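Student: mind looking at a prediction? Sequence and model below.
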Amino acid sequence: MRSDVIKKGIERVPHRTLLYATGIPKSEMNKPFIGVATSFTDIIPGHAGMRDLERFIEKGVHTGGGYPFFFGVPGICDGIAMGHSGMHYSLPSRELISDMVETVANAHRFDGLVLLTNCDKITPGMLMAAGRINIPTIIVTAGPMYSGHLNGRRLSLVNDTFEAVGKYKKGLIDDNELESLEMCACPGAGSCQGMYTANTMACVTESLGMSLPYCATSLAVSSEKRRIAFESGKRINDLVKNDIKPVDIMTESAFENAIIIDMALGGSTNTVLHIPAIAHDAGVKLPLERFDELSGKTPHIANMLPGGEHYLEDLHFAGGIPAVLNRFHDVLKDNITVSGAKLKDIAKGAKIVDSEIIRPLDNPHHKEGGIAILKGNIAPEGAVVKQSAVKEGMMKFEGFAKVFDSEDDAMKSILNEEIKPGDVVVIRYEGPKGGPGMREMLSPTATIAGMGLSESVALITDGRFSGGTRGPCIGHVSPEAMEGGKIGIIKNGDKIKIDIPGRSISLLLSDEEINDRLNKWTPLEPKIKGGYLERYSRNVTSASTGAIMR
């Protein structure tokens, strides 16, 4: 076993005595050592219930014949970090998480890993580490929260709190309703209720084959989630015994399967950052264009929040990810999964309980998948939009630029009601380098939606969006402004043309004018100097390559 290097041989007497100091019985020393990385924290709703799941994983590992060792990794709640300087740290935390799991797992020579995760950057960070370390690994996502309830209607975080800010500013709701919404929208532990980034990544993880069936959608605090945690702890021992590793599972075809399911669900645009980064660590090349190619062939069959009406609990009770796989049985490529079953066998055995929530391929909500990749003189290396969350009337749009060099300045203008129909809000110097950290723009996009402007105002940025964003919001513009991208030379009043069906985004200026501006352009001074964010800014790559670290 891999752990023999720390527990066998005369030269390992000091190592064994340190292990015995932890309380491990001598009878357990010959069992597989299983590292359990947990991102438990009190401050993230998606993680607050993990102490319970840790117990069931531990029981499962013991039952399966292994011995578990728990260690912690950090987590950031994007919702709490949103709209202020804390969001600079969100995407960079993904790299810290993957590095920490790699460091602890390799330093202690674990035989296998169970990675207990949830939420936006923690899950991709865990998966990146899994591919990089490449020892038997199983992922347990802690599950979505139940929907909130108020006066007979269901609530979710984004649609009923972030967008409520804009409604309040417009006088559409009063103080009492605003307070009621903030008290009721999130009723307890779990990741936020729609197909936002956390739940999208959980669905991607299951579709990749890295978590057990129904793990992605089974609800937090449910007995079903406890059982999945137990079975995952038990199952890791079989993976160790059979030496089934992440790169055996996360193949090129597995990533393509995951992208297809992502497109079918109308998932978060953040997967265009995370899936390539995970693939990179698994040794798989996955160009940005592959997303658009697969999206063009994949019907959007599940109308999930924020653009649609269904919650994660609806998707789960309709049959979960196995039922979605069932719809695409003839399209998907067969791969092994951590469960021991082939992906197509899981799909074949699934039951579709509700054909409105998980529609047939010949009756989709949209003929194409949730994400589109746009290119043009503003974004020669690409930009990303969640087209499934854009109203038909805004799929093609021409408007005049209102330019801001930070999210904070844009937010002030939006709240002061300075944004009018026909505007294209341009937020730049928020990319991976320029942000630094590529902040999510949920506060401005949700406020625009709440003010009733999402069908008359577009937004483009070299930053990114929350999975909860809806409307004509185009992010990941590459190259970013800090790298000399053309988004950096746009001026107030410039005309911008967006054509989502045509996959283009253009600044309507002559080549001569664009070149003249580029020759005169100089970047802004870095917004943050010193510490981790400065190091991150120096080493991070473009959004078009997954914002990985070099």
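Tutor: Arrived safely.

Student: nearest spatial neighbour of Ile260, skipping sequence neighbours?
Tutor: Thr298 (5.2 Å; Cβ to Cβ, 6 or more residues apart in numbering). To be clear about C-beta, it is placed using only N, CA and C from the backbone, and glycine gets the same treatment.

Student: how about Gly148, phi and psi?
Tutor: Main-chain torsions, Gly148, degrees, to the nearest 10: phi -80, psi 170.

Student: and it, what is it in contact with?
Tutor: Listed by Cβ atoms under 8 Å, 6 or more residues apart in numbering, the contact set of Gly148 reads Arg154, Leu155, Ser156, Asp160, Cys184, Ala185, Cys186, Pro187, Gln193.

Student: hang on, isn't the second one packed against His149?
Tutor: Yes - checked against Cβ atoms under 8 Å, the pair Leu155 and His149 is within contact range at 6.5 Å.

Student: circling back to that earlier point, drop anything exposed from the contacts of Gly148.
Tutor: Listed as buried from the contacts of Gly148 are Arg154, Leu155, Ser156, Asp160, Cys184, Ala185, Cys186, Gln193; burial here means 16 or more other Cβ atoms under 10 Å.

Student: out of the residues you listed, which is nearest to Ser223?
Tutor: Gln193 (19.4 Å; Cβ to Cβ).

Student: OK, contacts around that closest one?
Tutor: Going by Cβ under 8 Å, 6+ apart, Gln193 touches Pro144, Met145, Tyr146, Ser147, Gly148, Ser156, Leu157, Asn199, Leu305, Tyr311, Leu312, Glu313.

Student: thinking again about what came up before, which neighbours do Leu155 and His149 share?
Tutor: Cys184.

Student: which of the contacts of Gly148 fall within helices?
Tutor: Cys184 (DSSP state H).

Student: just send the contacts of Gly148 back as TSV, with distance to Ile371 too.
Tutor: Shown next, in TSV, are the contacts of Gly148 (distance: Cβ to Cβ, whole Å):
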residue	distance to Ile371
Arg154	26
Leu155	26
Ser156	21
Asp160	24
Cys184	31
Ala185	26
Cys186	26
Pro187	30
Gln193	21
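
Student: neighbours around Gly152, how many?
Tutor: 5 (other Cβ atoms under 10 Å).

Student: list phi and psi for Gly340.
Tutor: phi 100, psi -20.

Student: and for it, the neighbour number?
Tutor: Gly340 - counted by other Cβ under 10 Å - has 13 other residues nearby.

Student: residues in contact with it?
Tutor: Neighbouring residues of Gly340 by Cβ under 8 Å, 6+ apart: Arg235, Asp238.

Student: ok, it to Ile249 distance?
Tutor: The gap separating Gly340 from Ile249 is 11 Å, by Cβ to Cβ, to the nearest Å.

Student: next: Ser90.
Tutor: From Ser90 to Ile249 the distance is 27 Å (Cβ to Cβ).

Student: do Ile489 as well
Tutor: 45 Å.

Student: any idea how far the nearest residue to Ala254 once chain neighbours are set aside is from Lys491?
Tutor: Using Cβ to Cβ, 6+ apart and skipping residues adjacent in sequence, the residue nearest Ala254 is Asn335, 4.7 Å away. For Asn335, the distance to Lys491 (Cβ to Cβ) stands at 49 Å.

Student: likewise for Lys396?
Tutor: On the measure of Cβ to Cβ, Lys396 and Lys491 end up 23 Å apart.

Student: more neighbours: which of those two?
Tutor: Lys396 (14 against 11).

Student: for beta bridges, what are the partners of the nearest residue to the more buried one once chain neighbours are set aside?
Tutor: Distances taken as Cβ to Cβ, 6+ apart place Asp499 nearest to Lys396, at 5.2 Å, with adjacent residues excluded. When bridges are called by DSSP bridges, Asp499 pairs up with Lys396, Ser504.

Student: OK, contacts around the residue nearest to the spatial centre of the chain?
Tutor: Geometric centre of the chain, nearest residue: Thr197, 3.6 Å, by Cα atoms, centre = their mean. With contact set as Cβ under 8 Å, 6+ apart, Thr197 has these partners: Asp78, Cys119, Asp120, Ser268, Asn270, Thr271, Ser466, Gly467.

Student: from Ser295, how far off is the nearest residue to it once chain neighbours are set aside?
Tutor: Spatially, and ignoring its direct neighbours in sequence, Thr197 is nearest to Gly467 (3.7 Å; Cβ to Cβ, 6+ apart). Using Cβ to Cβ, one gets 16 Å for the distance from Gly467 to Ser295.

Student: same deal with Gly434?
Tutor: 27 Å.

Student: for Ser443, same thing?
Tutor: Ser443 is 27 Å from Ser295, by Cβ to Cβ.

Student: make sure Asn199 is actually in contact with Glu206.
Tutor: No - the pair Asn199 / Glu206 is not scored as a contact, 10.8 Å apart, by Cβ under 8 Å.

Student: which neighbours do the two share?
Tutor: Ala216.

Student: most widely separated two among the contacts of Gln193?
Tutor: Using Cβ to Cβ for every pair in those, the one that comes out farthest apart is Gly148 and Asn199, at 15.4 Å.

Student: spit out the contact partners of the closest residue to Ala142 other than its chain neighbours.
Tutor: By the measure of Cβ to Cβ, 6+ apart, the closest residue to Ala142 outside its immediate chain neighbours is Asn118, 3.9 Å from it. Going by Cβ under 8 Å, 6+ apart, Asn118 touches 39, 44, 46-47, 50, 141-143, 190-191, 198, 202, 220.

Student: export the contacts of Gly148 to TSV and tack on pLDDT?
Tutor: As requested, these are exported to TSV (pLDDT from 0 to 100):
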residue	pLDDT
Arg154	97
Leu155	97
Ser156	96
Asp160	94
Cys184	97
Ala185	97
Cys186	97
Pro187	97
Gln193	96
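
Student: so how many other residues sit close to the residue nearest to Ile260?
Tutor: Neighbours of Thr298 under the rule other Cβ under 10 Å: 25.

Student: state the distance from it to Lys342.
Tutor: 21 Å.

Student: is it true that the residue nearest to Thr197 touches Val204?
Tutor: No - contact between Gly467 and Val204 fails when scored by Cβ under 8 Å: they sit 11.5 Å apart.

Student: who touches both of those two?
Tutor: Gly267.

Student: circling back to that earlier point, what's the neighbour count on the residue nearest to Ala254?
Tutor: 22.

Student: try Glu289
Tutor: For Glu289, using other Cβ under 10 Å, the count is 12.

Student: again, but for Lys351
Tutor: 10.

Student: repeat for Gly493
Tutor: Counted with other Cβ under 10 Å, Gly493 comes out at 9.

Student: now do Ile505
Tutor: As a burial measure, Ile505 scores 26 neighbours (other Cβ under 10 Å).

Student: would Asp409 count as being in a strand?
Tutor: No - under DSSP: H, G, I helix; E, B strand; the rest coil, Asp409 falls outside any strand and is assigned helix.

Student: and Gly467 and Ser295? Which one has more around it.
Tutor: Ranked by neighbour count (other Cβ under 10 Å), Gly467 and Ser295 place Gly467 first, with 29 against 23.

Student: if I look at that one, how far off is Leu453?
Tutor: Taking Cβ to Cβ, one finds Gly467 at 20 Å from Leu453.

Student: related to what we said a few turns ago, ok, the contacts of Gly148 vs Pro526, which is closest?
Tutor: Each of the contacts of Gly148 was scored against Pro526 by Cβ to Cβ, and Cys186 proved nearest at 35.2 Å.

Student: that closest one contacts Gly194, doesn't it?
Tutor: No - in this structure Cys186 lies outside contact range of Gly194 using Cβ under 8 Å: 11.7 Å.
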